[in-house]
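Novice: Below are the sequence and a predicted model; questions follow.
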Amino acid sequence: MNAPSRRFIFPLLLALTRPGRAMASASEAMDDFVSRARTDVAIDRYEAGELGVLLPSHERIYLYAAWRAIVL
């Protein structure tokens, strides 16, 4: 292979194999295993103080019950 064609092919191959940005299909992070709106613990156990993992995105009623279980 002569030098002029090597100067053309190498940058072309480099540009084609360069990793690009990965794009997702949704605008928000998606996690099928976590409920962002409510707790995954049964409500009677939750009100008894077995809270599990608290997320700030839980509905206000669940956050209020968790606050009562922790503070009172």
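Specialist: Now that the structure is in, tell me what you want to look at. Residues are numbered from 1 along each chain as shown.
Novice: Not counting its neighbours along the chain, what's nearest Glu47?
Specialist: Once flanking residues are discounted, Glu47 sits nearest to Ala65: 5.6 Å by CB to CB, 6 or more residues apart in numbering. C-betas here are computed from N, CA, C, even on glycine.
Novice: Against Ala37, how distant is the one you found?
Specialist: 14 Å (CB to CB, to the nearest Å).
Novice: next one: Thr17
Specialist: 43 Å.
Novice: next one: Ala66
Specialist: Distance from Ala66 to Ala37, by CB to CB: 14 Å.
Novice: ok, these two, which is more surrounded?
Specialist: Ala66 (18 against 9; other CB atoms under 10 Å).
Novice: what helix or strand does the more buried one sit in?
Specialist: Using DSSP states H and E, Ala66 sits in helix 60-71.
Novice: So which residues make contact with that helix?
Specialist: By CB atoms under 8 Å, 6 or more residues apart in numbering, the surrounding residues in contact with helix 60-71 are Arg38, Thr39, Tyr46, Glu47, Ala48, Gly49, Leu51, Leu54, Pro56, His58.
Novice: who wins for neighbours among the residues you listed?
Specialist: Going by other CB under 10 Å, Thr39 tops the contacts of helix 60-71 with 21 neighbours.
Novice: My understanding was that that residue contacts Tyr46; is that so?
Specialist: Yes. Under the criterion of CB atoms under 8 Å, Thr39 makes contact with Tyr46 at 5.4 Å.
Novice: between these two, what contacts are shared?
Specialist: By CB under 8 Å, 6+ apart, Thr39 and Tyr46 have these common neighbours: Gly52, Tyr62.
Novice: Ends of stretch 37-50, what's the gap?
Specialist: Using CA to CA, to the nearest Å, one end of stretch 37-50 lies 17 Å from the other.
Novice: now do stretch 41-60
Specialist: End-to-end distance for stretch 41-60: 16 Å, by CA to CA.
Novice: and if you look at stretch 40-58?
Specialist: Span of stretch 40-58 from end to end, CA to CA: 10 Å.
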